[in-house]
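Enquirer: whatever this is, show me its structure:
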Amino acid sequence: MSVQVSHLVKTYGAQRAVDDVSFEAQKGQVLGFLGPNGAGKSTTMKVVTGFLPPSSGSVKVCGIDPETDPMAVRKKIGYLPEHNPLYLDMYVREYLEFVGKLHKVSKLGDRIEAMIEQVGLTREANKRIQALSKGYRQRVGLAQSMLHDPEVLILDEPTSGLDPNQLAGIREMIQELGKTKTVILSTHIMQEVQAVCDRVLIINQGKLVADDSIAGLQDRISGESVVVIELDRPIDMTFIEAIKGVQRIERQADTTYRVFADPSVDIRKGLFKLAVEKDRVLLGMSRETYSVEEVFRQLTAG
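Expert: Numbering: from 1, shown residues only. Presented below is the predicted three-dimensional model:
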């Protein structure tokens with residue numbers, strides 16, 4: 001595992017900012033890390049990166065403990081914090097060169113140009129950072145986090161301040177990076193989670209309240225999966241009820257049915273097979289799900 005967090009606790013006086021949190025993040029995966037403001041997300045990320053010591057529990061990054069060997073861990077991690085710290089008086093290339101020398105990046109000039117192109121900074125590369133918009137400053141932060149080609153990327157609100165066109169490009173880049181690296185992504189943009197993340201962690205009041213795929217979370221909240229089918233002609237609903245996993249049916253129109261099923265059973269193959277056997281044309285089939293935002297609200301409300 002690239003990142004292993006076991007029974008992590010972080011306290012500030014009597015307050016437990018992080019309360020017995022455990023999870024693992026693997027290479028080739030984008031892990032969404034969600035929670036309301038003050039839930040403990042940023043604190044957890046700072047402990048994983050070695051910027052804060054844990055009060056108890058353990059953290060391993062590529063098998064290394066950030067407490068005992070923080071410099072080795074920082075070589076493995078690319079970190080973009082929520083409040084992106086930049087040297088505003090520096091030019092873009094000058095700043096990336098400074099960061100690259102700290103990391104002792106080989107062929108630094110080539111790597112800087114590759115990062116500038118990858119995050120879309122080509123037109124802004126000769127400007128001072130203080131002259132950049134918030135969105136372009138965020139791109140500079142992304143470039144510095146990836147400059148040393150880390151195995152683990154921890155991105156705290158990486159798309160903050162980006163316009164819709166920039167959002168699409170950065171999300172596509174994060175997905176591509178997730179194929180070869182471990183990416184932990186914290187965001188408040190629920191559409192981003194749905195578009196980018198393979199798995200989701202939800203933390204609330206310092207405790208981990210969910211760890212699952214998006215589809216798994218949606219089914220967990222509803223307690224059942226719902227499939228809507230439209231046929232060219234009516235069908236006896238007892239045939240649908242006989243399909244394994246089906247719990248109940250609602251007729252929405254003469255030829256449209258909402259089929260409620262056990263979430264552990266995918267009934268779509270059975271519905272398709274039934275349509276063929278009963279000489280019906282399947283005009284439409286769709287799965288009704290809770291949105292990520294609804295799942296988030298239900299797991300963190302109160």
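Enquirer: please tell me I have it right and A143 contacts Q118.
Expert: Yes - counting by C-beta atoms under 8 Å, A143 touches Q118, with 7.5 Å between them. Backbone N, C-alpha and C define where each C-beta goes, glycine included.
Enquirer: so between the two, which is more surrounded?
Expert: A143 (26 against 17; other C-beta atoms under 10 Å).
Enquirer: could you list every residue that touches that one?
Expert: 96, 115-116, 118-119, 121 (C-beta atoms under 8 Å, 6 or more residues apart in numbering).
Enquirer: start and end of stretch 283-299, how far apart?
Expert: Chord length of stretch 283-299, first to last residue, is 35 Å (C-alpha to C-alpha, to the nearest Å).
Enquirer: one more: stretch 85-95?
Expert: Taking C-alpha to C-alpha as the measure, stretch 85-95 stretches 11 Å from start to finish.
Enquirer: for stretch 232-248, same thing?
Expert: This stretch, stretch 232-248, spans 21 Å end to end (C-alpha to C-alpha).
Enquirer: cool, stretch 237-256 as well?
Expert: One end of stretch 237-256 to the other measures 11 Å (C-alpha to C-alpha).
Enquirer: tell me the mean pLDDT for that stretch?
Expert: The average of the pLDDT scores along stretch 237-256 is 94.
Enquirer: do stretch 60-77 as well
Expert: Averaged across stretch 60-77, pLDDT comes to 92.
Enquirer: same deal with stretch 107-114?
Expert: 95.
Enquirer: got it, and stretch 184-195?
Expert: 84.
Enquirer: what do you get for stretch 139-159?
Expert: Mean predicted confidence for stretch 139-159 is 91.
Enquirer: how far does it sit from its chain's centre?
Expert: With C-alpha atoms, centre = their mean, to the nearest Å as the basis, stretch 139-159 stands 14 Å off its chain's centre.
Enquirer: can you give me the strands in the stretch 1-150 of the chain?
Expert: Assigned by DSSP state E, counting those that start in this stretch, the strands in the stretch 1-150 of the chain fall at 3-12, 15-25, 29-34, 56-61, 77-80.
Enquirer: those into JSON lines, with extra columns for mean neighbour count and distance to T238?
Expert: Listed next are the strands of the stretch 1-150 of the chain as JSON lines, based on neighbours: other C-beta atoms under 10 Å; distance: least, C-beta to C-beta, whole Å:
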{"stretch": "strand 3-12", "mean neighbour count": "17", "distance to T238": "50"}
{"stretch": "strand 15-25", "mean neighbour count": "18", "distance to T238": "45"}
{"stretch": "strand 29-34", "mean neighbour count": "23", "distance to T238": "42"}
{"stretch": "strand 56-61", "mean neighbour count": "18", "distance to T238": "54"}
{"stretch": "strand 77-80", "mean neighbour count": "23", "distance to T238": "56"}
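Enquirer: contacting residues around stretch 199-206?
Expert: 16-19, 21, 23, 29-36, 39-41, 44, 193, 208-214, 217, 292, 296, 299-300.
Enquirer: can you tell me the element Q194 falls in?
Expert: helix 190-196 (DSSP states H and E).
Enquirer: any idea which helix or strand comes after that helix?
Expert: For helix 190-196, the following helix or strand on the C-terminal side (DSSP H and E) is strand 199-204.
Enquirer: note down every partner strand of the next helix or strand after that next one and its orientation.
Expert: Using DSSP H and E, the helix or strand that directly follows strand 199-204 along the chain is strand 207-212. Strand 207-212 pairs in its sheet with strand 199-204 (antiparallel), by DSSP bridges.
Enquirer: what's the spacing between the strand it pairs with and its chain's center?
Expert: 9 Å.
Enquirer: report the angle between that strand and strand 3-12.
Expert: 10 degrees (axes from the mean of the first three to the mean of the last three C-alpha atoms, to 10 degrees).
Enquirer: beta-bridge partners for I154, please?
Expert: Bridge pairing for I154 (DSSP bridges) gives the partners Y79, I184.
Enquirer: residue boundaries of the helices in the protein?
Expert: With DSSP state H, the ranges of helices along the chain come out as 41-48, 70-76, 92-102, 108-118, 134-146, 164-177, 190-196, 214-222, 237-241, 268-277, 292-300.
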